[in-house]
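1. give me a model of this one.
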Amino acid sequence: LFFSLYLRKYQPLCPSRETIQPYELLPRQPLVIGEVPWTGWVLGENDVWVLEARGHTPDEVLFYLPEHQMLHTADLTFPLFPTFPDSNGSVTQEMLRKCQAMASAGAIRLLTDGHHHQIYQGQEEMIAFLETLLREHTHFQAVLREILEEHNGLTIGQVYSHVRQRHGDPVVQHY
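-> You can find the predicted model right below:
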């Protein structure tokens, strides 16, 4: 979707070293979407907003197309968000809540991400999707805490073994 919009507006596509500039070299600025504050970069003539997220990874960004009110969350909506050693689960939760507030404010009409292969449309659908991610993450973390509190000194393999034993839990089964 991004690429087809890009080609429609900027055809013919002729990238070169002279015309490509990393967005990080542009001045960072405050951006507000549906009364939700962000920091990021504006590309083109207000065509694409690059929003700093930095939860899933330290360089994580989201993309917002103001003209279409479309938000692309990339890896922010990866179900198990503290995935890497440098992931920050609390920042990820904060960013998901900001996306949810944008959807609640009617500032997003379309939501896409890098993992669910679906376009979420409509306020209720987007809010439900984001709420499910937050709720399931909280539940899965509670399951892990419970396992670790019950069994002292587990190896990673043993933790996985205990998680697999929770096959009756639909959230654990999902993850």
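
2. remind me which helix or strand residue 54 belongs to.
-> Assessed by DSSP states H and E, residue 54 sits outside every helix and strand.

3. what separates the spatially most central residue of the chain from residue 138, distance-wise?
-> By CA atoms, centre = their mean, the chain has its centre lying nearest to residue 76, at 1.9 Å. Residue 76 sits 16 Å away from residue 138 when distances are taken as CB to CB, to the nearest Å. Backbone N, C-alpha and C define where each C-beta goes, glycine included.

4. all helices of the protein, in order?
-> Secondary structure of the chain (DSSP state H): helices at 2-10, 89-104, 123-150, 156-164, 170-174.

5. from the contact counts, what lies against the third one?
-> This points to helix 123-150. Secondary structure elements in contact with helix 123-150, counted by 3 or more CB pairs under 8 Å, 6 or more residues apart in numbering; DSSP states H and E, are helix 89-104, helix 156-164, helix 170-174.

6. name the helix or strand of this structure that has the lowest mean pLDDT.
-> helix 2-10 (a mean of 62; mean pLDDT, DSSP states H and E).

7. show me the contacts for residue 53.
-> Residue 53 sits next to 60-62, 76, 91-92, 95 when contact means CB atoms under 8 Å, 6 or more residues apart in numbering.

8. from those, which single one is nearest residue 159?
-> Lowest distance from residue 159 to those (CB to CB) belongs to residue 92, with 20.8 Å.

9. find the nearest non-adjacent residue to the closest one, please.
-> residue 55 (3.3 Å; CB to CB, 6 or more residues apart in numbering).
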